[in-house]
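Enquirer: Fold the following, please.
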Amino acid sequence: MTIREERLRLDEASIDPTPDAAEQTIGGAVSVAIEAAREAEASWDAGGTAPDRRPASARIALTPPTGAAGETAALRGNIKLLGSALAQSRLAACASAEAPIGPQAIGLASRACCQADIEGDWLRHWCRVLGVAPRYHRKLWEDCTVPQMLWEAGMLEPGRRGLGFAVGREDLPALFASRGVEVLATDLDSADSRATAWTQTGQHADRLESLHRPRLLPEEGFRRRVQFRPVDMTAIPADLLQGEFDFVWSVCALEHLGSLEAGEAFVRTAMRCLRPGGIAVHTTEFNLDPTGPTVETGPTVLYQRRHLERLGESLAAAGHAMLPLRDPAGDRQLFDQLVDLPPYAHQGGPENSPHLRLVLAGHTVTSVALVIRAGGA
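Expert: Presented below is the predicted three-dimensional model:
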(Lines give C-alpha, C1' and ligand atoms only; values in the text may rest on other atoms or scores of the structure.)
Protein backbone atom coordinates (compact mmCIF):
# COMPACT_ATOMS: atom_id res chain seq x y z
CA MET A 1 0.00 0.00 0.00
CA THR A 2 1.41 3.40 -0.98
CA ILE A 3 1.59 6.34 1.42
CA ARG A 4 -1.12 8.07 -0.60
CA GLU A 5 -3.45 5.03 -0.42
CA GLU A 6 -2.82 4.79 3.32
CA ARG A 7 -3.81 8.45 3.75
CA LEU A 8 -7.08 7.84 1.93
CA ARG A 9 -7.77 4.84 4.15
CA LEU A 10 -6.96 6.82 7.29
CA ASP A 11 -9.33 9.58 6.20
CA GLU A 12 -12.16 7.06 6.15
CA ALA A 13 -11.00 5.66 9.48
CA SER A 14 -11.21 9.11 11.09
CA ILE A 15 -14.78 9.79 9.97
CA ASP A 16 -17.48 9.92 12.64
CA PRO A 17 -15.48 8.08 15.34
CA THR A 18 -18.54 7.66 17.59
CA PRO A 19 -21.40 6.31 15.45
CA ASP A 20 -24.71 5.68 17.15
CA ALA A 21 -25.94 2.18 17.94
CA ALA A 22 -27.95 1.91 14.73
CA GLU A 23 -24.93 2.83 12.62
CA GLN A 24 -22.81 0.26 14.46
CA THR A 25 -25.41 -2.45 13.96
CA ILE A 26 -26.02 -1.76 10.29
CA GLY A 27 -22.38 -1.11 9.47
CA GLY A 28 -21.35 -4.31 11.21
CA ALA A 29 -24.06 -6.27 9.44
CA VAL A 30 -22.90 -5.05 6.04
CA SER A 31 -19.33 -6.02 6.89
CA VAL A 32 -20.51 -9.49 7.90
CA ALA A 33 -22.44 -9.85 4.66
CA ILE A 34 -19.51 -8.79 2.50
CA GLU A 35 -17.07 -10.99 4.41
CA ALA A 36 -19.42 -13.96 4.08
CA ALA A 37 -19.46 -13.49 0.33
CA ARG A 38 -15.68 -13.36 0.22
CA GLU A 39 -15.39 -16.53 2.30
CA ALA A 40 -17.87 -18.28 0.03
CA GLU A 41 -15.84 -17.35 -3.02
CA ALA A 42 -12.66 -18.61 -1.36
CA SER A 43 -14.32 -21.96 -0.60
CA TRP A 44 -15.47 -22.30 -4.21
CA ASP A 45 -11.88 -21.84 -5.36
CA ALA A 46 -10.67 -24.43 -2.84
CA GLY A 47 -13.35 -26.87 -3.97
CA GLY A 48 -12.25 -26.72 -7.56
CA THR A 49 -15.32 -24.91 -8.81
CA ALA A 50 -14.60 -22.13 -11.29
CA PRO A 51 -14.39 -18.95 -9.18
CA ASP A 52 -16.14 -15.70 -9.96
CA ARG A 53 -13.52 -13.60 -11.75
CA ARG A 54 -15.40 -10.33 -11.50
CA PRO A 55 -13.80 -7.59 -9.39
CA ALA A 56 -14.71 -7.86 -5.72
CA SER A 57 -16.41 -4.46 -6.00
CA ALA A 58 -18.91 -5.93 -8.47
CA ARG A 59 -19.94 -8.95 -6.39
CA ILE A 60 -23.12 -8.82 -4.33
CA ALA A 61 -23.05 -10.25 -0.81
CA LEU A 62 -24.57 -13.74 -0.89
CA THR A 63 -25.61 -14.27 2.72
CA PRO A 64 -27.00 -11.03 4.16
CA PRO A 65 -28.05 -11.01 7.82
CA THR A 66 -31.72 -11.49 8.62
CA GLY A 67 -34.24 -9.22 10.29
CA ALA A 68 -34.90 -5.49 9.84
CA ALA A 69 -31.29 -4.53 10.48
CA GLY A 70 -30.19 -7.23 8.06
CA GLU A 71 -32.46 -5.95 5.32
CA THR A 72 -31.16 -2.41 5.79
CA ALA A 73 -27.60 -3.71 5.84
CA ALA A 74 -28.14 -5.70 2.66
CA LEU A 75 -29.67 -2.69 0.92
CA ARG A 76 -26.81 -0.44 1.97
CA GLY A 77 -24.24 -3.06 1.05
CA ASN A 78 -25.76 -3.65 -2.36
CA ILE A 79 -25.81 0.09 -3.09
CA LYS A 80 -22.16 0.40 -2.08
CA LEU A 81 -21.14 -2.59 -4.18
CA LEU A 82 -23.09 -1.30 -7.16
CA GLY A 83 -21.59 2.16 -6.71
CA SER A 84 -18.12 0.65 -6.58
CA ALA A 85 -18.72 -1.32 -9.77
CA LEU A 86 -20.07 1.77 -11.56
CA ALA A 87 -17.08 3.79 -10.37
CA GLN A 88 -14.63 1.25 -11.74
CA SER A 89 -16.45 1.20 -15.06
CA ARG A 90 -16.39 4.99 -15.31
CA LEU A 91 -12.72 5.19 -14.39
CA ALA A 92 -11.85 2.54 -16.95
CA ALA A 93 -13.59 4.58 -19.63
CA CYS A 94 -11.77 7.74 -18.58
CA ALA A 95 -8.44 5.91 -18.52
CA SER A 96 -8.75 4.91 -22.18
CA ALA A 97 -7.07 8.19 -23.11
CA GLU A 98 -3.48 8.82 -22.06
CA ALA A 99 -3.04 11.20 -19.12
CA PRO A 100 -1.73 14.61 -20.21
CA ILE A 101 1.97 15.22 -19.65
CA GLY A 102 1.51 18.80 -18.49
CA PRO A 103 -1.08 20.44 -16.22
CA GLN A 104 -4.34 21.69 -17.73
CA ALA A 105 -5.89 25.06 -16.84
CA ILE A 106 -9.39 24.91 -15.35
CA GLY A 107 -9.69 28.43 -13.90
CA LEU A 108 -8.50 29.81 -10.60
CA ALA A 109 -11.45 29.63 -8.19
CA SER A 110 -12.66 28.26 -4.89
CA ARG A 111 -14.39 24.96 -5.62
CA ALA A 112 -16.08 21.94 -4.07
CA CYS A 113 -15.29 18.32 -4.87
CA CYS A 114 -17.30 16.92 -7.78
CA GLN A 115 -17.38 14.00 -10.19
CA ALA A 116 -16.37 16.08 -13.21
CA ASP A 117 -13.12 17.02 -11.47
CA ILE A 118 -12.23 13.39 -10.75
CA GLU A 119 -12.73 12.57 -14.43
CA GLY A 120 -10.90 15.66 -15.68
CA ASP A 121 -7.57 15.59 -17.47
CA TRP A 122 -6.17 18.07 -14.96
CA LEU A 123 -6.69 15.68 -12.03
CA ARG A 124 -5.33 12.74 -14.01
CA HIS A 125 -2.18 14.77 -14.59
CA TRP A 126 -1.58 15.30 -10.88
CA CYS A 127 -2.40 11.65 -10.16
CA ARG A 128 0.30 10.69 -12.63
CA VAL A 129 2.74 13.06 -10.91
CA LEU A 130 1.86 11.68 -7.47
CA GLY A 131 2.00 8.09 -8.69
CA VAL A 132 -1.57 7.14 -7.80
CA ALA A 133 -4.56 5.92 -9.78
CA PRO A 134 -7.59 8.21 -10.05
CA ARG A 135 -10.53 7.22 -7.87
CA TYR A 136 -13.73 8.87 -6.72
CA HIS A 137 -12.37 9.97 -3.35
CA ARG A 138 -12.56 13.48 -1.96
CA LYS A 139 -9.14 13.28 -0.29
CA LEU A 140 -7.47 12.48 -3.58
CA TRP A 141 -9.34 15.46 -5.02
CA GLU A 142 -7.91 17.69 -2.26
CA ASP A 143 -4.37 16.47 -2.86
CA CYS A 144 -4.70 17.31 -6.56
CA THR A 145 -6.65 20.55 -6.20
CA VAL A 146 -4.07 22.30 -4.01
CA PRO A 147 -1.21 21.97 -6.55
CA GLN A 148 -3.62 22.70 -9.42
CA MET A 149 -4.67 26.03 -7.93
CA LEU A 150 -1.10 26.96 -7.03
CA TRP A 151 0.08 26.08 -10.53
CA GLU A 152 -2.65 28.22 -12.10
CA ALA A 153 -1.60 31.10 -9.85
CA GLY A 154 2.00 30.79 -11.09
CA MET A 155 3.31 29.64 -7.72
CA LEU A 156 4.97 26.33 -8.65
CA GLU A 157 8.08 27.92 -10.10
CA PRO A 158 11.74 27.98 -9.04
CA GLY A 159 12.43 30.63 -6.42
CA ARG A 160 8.93 30.70 -4.94
CA ARG A 161 8.49 30.17 -1.19
CA GLY A 162 5.66 28.09 0.23
CA LEU A 163 4.47 27.49 3.80
CA GLY A 164 2.41 24.41 4.65
CA PHE A 165 0.38 24.01 7.84
CA ALA A 166 -0.45 20.65 9.50
CA VAL A 167 1.23 18.82 6.63
CA GLY A 168 1.08 15.41 8.30
CA ARG A 169 2.46 12.85 5.84
CA GLU A 170 1.44 14.73 2.69
CA ASP A 171 3.30 14.36 -0.60
CA LEU A 172 2.83 18.06 -1.33
CA PRO A 173 6.03 19.42 0.28
CA ALA A 174 8.10 17.06 -1.86
CA LEU A 175 5.99 17.80 -4.95
CA PHE A 176 6.44 21.55 -4.57
CA ALA A 177 10.16 21.15 -3.93
CA SER A 178 10.43 19.11 -7.13
CA ARG A 179 9.26 22.24 -8.98
CA GLY A 180 12.03 24.35 -7.46
CA VAL A 181 9.94 25.84 -4.64
CA GLU A 182 11.50 26.51 -1.22
CA VAL A 183 9.15 24.91 1.30
CA LEU A 184 8.67 25.31 5.03
CA ALA A 185 6.52 22.39 6.18
CA THR A 186 4.96 22.59 9.65
CA ASP A 187 2.90 20.44 11.97
CA LEU A 188 1.86 20.44 15.61
CA ASP A 189 4.70 19.74 18.03
CA SER A 190 4.75 16.01 18.80
CA ALA A 191 5.01 16.86 22.51
CA ASP A 192 1.61 18.59 22.31
CA SER A 193 -1.16 16.32 23.62
CA ARG A 194 -3.33 17.33 20.67
CA ALA A 195 -0.89 15.56 18.35
CA THR A 196 -1.42 12.15 19.97
CA ALA A 197 -4.39 11.04 17.88
CA TRP A 198 -2.73 12.12 14.64
CA THR A 199 0.48 10.31 15.60
CA GLN A 200 -1.41 7.11 16.41
CA THR A 201 -3.03 7.08 12.96
CA GLY A 202 0.16 7.91 11.09
CA GLN A 203 -1.03 11.37 10.04
CA HIS A 204 1.48 13.50 11.94
CA ALA A 205 4.90 14.77 10.89
CA ASP A 206 7.60 15.36 13.48
CA ARG A 207 10.71 15.30 11.32
CA LEU A 208 11.82 16.23 7.84
CA GLU A 209 12.58 12.66 6.75
CA SER A 210 8.92 11.65 6.95
CA LEU A 211 8.12 14.05 4.09
CA HIS A 212 10.70 12.88 1.56
CA ARG A 213 9.32 11.12 -1.52
CA PRO A 214 12.17 9.61 -3.59
CA ARG A 215 9.96 9.23 -6.66
CA LEU A 216 9.42 13.00 -6.75
CA LEU A 217 12.98 14.21 -6.18
CA PRO A 218 16.34 12.98 -4.85
CA GLU A 219 17.10 13.38 -1.16
CA GLU A 220 19.81 15.98 -1.77
CA GLY A 221 17.42 18.29 -3.61
CA PHE A 222 14.70 17.65 -1.05
CA ARG A 223 16.92 18.62 1.88
CA ARG A 224 18.13 21.71 0.07
CA ARG A 225 14.62 23.02 -0.57
CA VAL A 226 12.47 21.73 2.31
CA GLN A 227 12.63 22.63 5.98
CA PHE A 228 10.43 21.42 8.83
CA ARG A 229 9.47 23.04 12.12
CA PRO A 230 6.69 22.52 14.68
CA VAL A 231 3.96 25.17 14.48
CA ASP A 232 0.61 25.50 16.24
CA MET A 233 -1.98 26.76 13.76
CA THR A 234 -3.74 28.64 16.55
CA ALA A 235 -0.54 30.50 17.51
CA ILE A 236 1.53 31.09 14.37
CA PRO A 237 4.97 32.41 15.41
CA ALA A 238 5.57 36.10 14.79
CA ASP A 239 8.60 35.47 12.58
CA LEU A 240 6.34 33.70 10.06
CA LEU A 241 3.90 36.63 9.93
CA GLN A 242 6.26 38.98 8.11
CA GLY A 243 4.85 38.58 4.58
CA GLU A 244 7.79 36.58 3.22
CA PHE A 245 5.98 33.66 1.51
CA ASP A 246 4.47 33.45 -1.96
CA PHE A 247 1.86 30.91 -0.92
CA VAL A 248 0.47 29.03 2.06
CA TRP A 249 -1.63 25.90 2.13
CA SER A 250 -3.38 23.43 4.42
CA VAL A 251 -5.26 20.22 3.64
CA CYS A 252 -8.32 19.48 5.80
CA ALA A 253 -6.78 20.95 8.94
CA LEU A 254 -8.60 24.14 9.89
CA GLU A 255 -11.79 22.26 10.81
CA HIS A 256 -9.88 20.52 13.62
CA LEU A 257 -9.05 23.66 15.62
CA GLY A 258 -12.05 23.40 17.96
CA SER A 259 -14.63 25.74 16.45
CA LEU A 260 -15.77 27.41 13.26
CA GLU A 261 -14.41 30.72 14.53
CA ALA A 262 -10.99 29.25 15.33
CA GLY A 263 -10.64 27.92 11.79
CA GLU A 264 -11.65 31.26 10.32
CA ALA A 265 -9.18 33.06 12.60
CA PHE A 266 -6.39 30.80 11.36
CA VAL A 267 -7.17 31.61 7.72
CA ARG A 268 -7.13 35.36 8.44
CA THR A 269 -3.91 35.18 10.44
CA ALA A 270 -2.14 33.02 7.85
CA MET A 271 -2.69 35.78 5.27
CA ARG A 272 -0.06 37.78 7.17
CA CYS A 273 2.52 35.21 6.06
CA LEU A 274 2.00 36.19 2.41
CA ARG A 275 3.63 38.75 0.19
CA PRO A 276 1.23 41.13 -1.61
CA GLY A 277 -0.50 39.13 -4.34
CA GLY A 278 0.35 35.82 -2.67
CA ILE A 279 -2.04 32.88 -2.68
CA ALA A 280 -3.60 30.81 0.10
CA VAL A 281 -5.25 27.46 -0.62
CA HIS A 282 -7.05 25.69 2.22
CA THR A 283 -9.29 22.64 2.01
CA THR A 284 -11.86 21.87 4.69
CA GLU A 285 -15.14 20.10 5.47
CA PHE A 286 -18.22 21.51 3.78
CA ASN A 287 -21.79 20.89 4.94
CA LEU A 288 -23.93 20.83 1.80
CA ASP A 289 -27.03 22.00 3.69
CA PRO A 290 -26.79 25.80 3.38
CA THR A 291 -29.28 26.76 6.09
CA GLY A 292 -29.77 23.92 8.57
CA PRO A 293 -27.82 23.10 11.72
CA THR A 294 -24.17 22.12 11.57
CA VAL A 295 -21.30 21.16 13.87
CA GLU A 296 -19.93 24.43 15.24
CA THR A 297 -17.55 23.18 17.95
CA GLY A 298 -15.62 20.00 18.66
CA PRO A 299 -12.86 17.89 17.11
CA THR A 300 -14.27 18.32 13.59
CA VAL A 301 -16.49 21.27 12.63
CA LEU A 302 -18.47 21.57 9.41
CA TYR A 303 -18.52 24.82 7.43
CA GLN A 304 -21.55 25.93 5.44
CA ARG A 305 -21.76 28.46 2.63
CA ARG A 306 -22.83 31.19 5.06
CA HIS A 307 -19.70 30.67 7.15
CA LEU A 308 -17.49 30.87 4.08
CA GLU A 309 -19.29 34.03 2.98
CA ARG A 310 -18.68 35.49 6.44
CA LEU A 311 -15.01 34.58 6.16
CA GLY A 312 -14.84 36.13 2.71
CA GLU A 313 -16.29 39.37 4.02
CA SER A 314 -13.78 39.58 6.86
CA LEU A 315 -10.93 38.88 4.44
CA ALA A 316 -12.19 41.58 2.09
CA ALA A 317 -12.26 44.04 4.99
CA ALA A 318 -8.54 43.34 5.42
CA GLY A 319 -7.86 43.94 1.74
CA HIS A 320 -7.76 40.30 0.59
CA ALA A 321 -9.98 38.51 -1.92
CA MET A 322 -11.46 35.02 -1.55
CA LEU A 323 -12.18 33.76 -5.05
CA PRO A 324 -15.86 32.92 -5.65
CA LEU A 325 -17.00 29.39 -4.84
CA ARG A 326 -18.26 27.34 -7.75
CA ASP A 327 -21.64 25.63 -7.33
CA PRO A 328 -20.93 23.12 -4.52
CA ALA A 329 -23.50 20.73 -5.99
CA GLY A 330 -21.14 20.13 -8.91
CA ASP A 331 -22.67 19.21 -12.23
CA ARG A 332 -25.17 16.98 -10.43
CA GLN A 333 -23.80 13.86 -12.01
CA LEU A 334 -24.40 10.48 -10.38
CA PHE A 335 -21.51 10.56 -7.91
CA ASP A 336 -22.30 14.18 -7.00
CA GLN A 337 -25.55 12.85 -5.56
CA LEU A 338 -24.45 9.50 -4.15
CA VAL A 339 -23.75 9.80 -0.41
CA ASP A 340 -21.29 7.26 1.00
CA LEU A 341 -22.11 5.45 4.24
CA PRO A 342 -20.30 2.94 6.46
CA PRO A 343 -18.82 0.42 6.21
CA TYR A 344 -15.89 2.15 4.54
CA ALA A 345 -12.99 0.26 2.98
CA HIS A 346 -11.10 -0.16 6.26
CA GLN A 347 -14.28 -1.62 7.80
CA GLY A 348 -14.69 -4.31 5.15
CA GLY A 349 -16.61 -2.27 2.58
CA PRO A 350 -15.78 -2.12 -1.12
CA GLU A 351 -12.34 -0.66 -1.80
CA ASN A 352 -13.44 1.77 -4.48
CA SER A 353 -16.88 2.88 -3.35
CA PRO A 354 -17.46 6.51 -4.47
CA HIS A 355 -16.49 8.79 -1.60
CA LEU A 356 -17.17 12.32 -2.84
CA ARG A 357 -20.12 12.84 -0.49
CA LEU A 358 -20.54 11.20 2.90
CA VAL A 359 -22.48 11.46 6.14
CA LEU A 360 -20.51 12.97 9.02
CA ALA A 361 -22.21 13.59 12.37
CA GLY A 362 -25.57 13.29 10.63
CA HIS A 363 -24.78 15.85 7.92
CA THR A 364 -24.05 15.34 4.24
CA VAL A 365 -20.60 16.77 3.59
CA THR A 366 -17.90 17.02 0.97
CA SER A 367 -14.56 18.80 0.66
CA VAL A 368 -14.12 22.41 -0.42
CA ALA A 369 -10.99 24.30 -1.48
CA LEU A 370 -10.77 27.98 -0.59
CA VAL A 371 -8.51 30.09 -2.79
CA ILE A 372 -7.56 33.53 -1.44
CA ARG A 373 -5.36 36.22 -2.96
CA ALA A 374 -3.49 38.52 -0.59
CA GLY A 375 -4.07 42.23 -1.00
CA GLY A 376 -1.50 44.92 -1.53
CA ALA A 377 -0.29 43.84 -4.97
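Enquirer: V226 pairs with what?
Expert: V183 (DSSP bridges).
Enquirer: where does the protein have its least confident helix or strand?
Expert: Taking mean pLDDT, DSSP states H and E as the measure, the helix or strand of the chain with the lowest value is helix 21-46, at a mean of 43.
Enquirer: continuing past it, what's the next helix or strand?
Expert: For helix 21-46, the succeeding helix or strand toward the C-terminus, using DSSP states H and E, is helix 67-94.
Enquirer: if we look at stretch 110-118, which residues are touching it?
Expert: Residues external to stretch 110-118 that are found in contact with it (C-beta atoms under 8 Å, 6 or more residues apart in numbering): 123, 134-136, 138, 140-142, 145, 286, 308, 322-331, 333-336, 356, 366-371. For every residue, glycine as well, the C-beta is placed using N, CA and C.
Enquirer: if we go to 6 Å?
Expert: In this structure, residues lying in contact with stretch 110-118 by C-beta atoms under 6 Å, 6 or more residues apart in numbering are 123, 136, 138, 141, 286, 323, 325-326, 328, 330-331, 333, 335-336, 356, 366-371.
Enquirer: Stretch 214-224 too?
Expert: Around stretch 214-224, the neighbours that count as contacts under C-beta under 6 Å, 6+ apart are 131, 174-175, 177-178, 212.
Enquirer: which one among those residues gets closest to G312?
Expert: The shortest separation between G312 and any of the contacts of stretch 214-224 is 27.9 Å, and it belongs to L175 (by C-beta to C-beta).
Enquirer: That closest one and E285: what is the separation?
Expert: As judged by C-beta to C-beta, to the nearest Å, L175 and E285 stand 23 Å apart.
Enquirer: and this structure, what are its domains?
Expert: With automatic domain parsing serving as the domain definition, the record reports that the chain contains domains spanning 21-91, 100-373.
Enquirer: just the strands in this structure please.
Expert: Assigned strands in the chain, in chain order: 111-112, 161-165, 182-187, 226-230, 245-251, 258-259, 274-287, 297-298, 321-322, 339-340, 357-360, 363-373 (criterion: DSSP state E).
Enquirer: how about those strands in JSON lines, adding distance to R207, mean neighbour count and mean pLDDT?
Expert: Output for the strands of the chain, formatted as JSON lines (distance: least, C-beta to C-beta, whole Å; neighbours: other C-beta atoms under 10 Å; pLDDT from 0 to 100):
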{"stretch": "strand 111-112", "distance to R207": "33", "mean neighbour count": "26", "mean pLDDT": "97"}
{"stretch": "strand 161-165", "distance to R207": "15", "mean neighbour count": "25", "mean pLDDT": "99"}
{"stretch": "strand 182-187", "distance to R207": "10", "mean neighbour count": "24", "mean pLDDT": "98"}
{"stretch": "strand 226-230", "distance to R207": "7", "mean neighbour count": "16", "mean pLDDT": "97"}
{"stretch": "strand 245-251", "distance to R207": "19", "mean neighbour count": "26", "mean pLDDT": "99"}
{"stretch": "strand 258-259", "distance to R207": "26", "mean neighbour count": "14", "mean pLDDT": "98"}
{"stretch": "strand 274-287", "distance to R207": "24", "mean neighbour count": "23", "mean pLDDT": "98"}
{"stretch": "strand 297-298", "distance to R207": "30", "mean neighbour count": "11", "mean pLDDT": "98"}
{"stretch": "strand 321-322", "distance to R207": "34", "mean neighbour count": "16", "mean pLDDT": "98"}
{"stretch": "strand 339-340", "distance to R207": "34", "mean neighbour count": "20", "mean pLDDT": "94"}
{"stretch": "strand 357-360", "distance to R207": "31", "mean neighbour count": "19", "mean pLDDT": "94"}
{"stretch": "strand 363-373", "distance to R207": "28", "mean neighbour count": "22", "mean pLDDT": "98"}
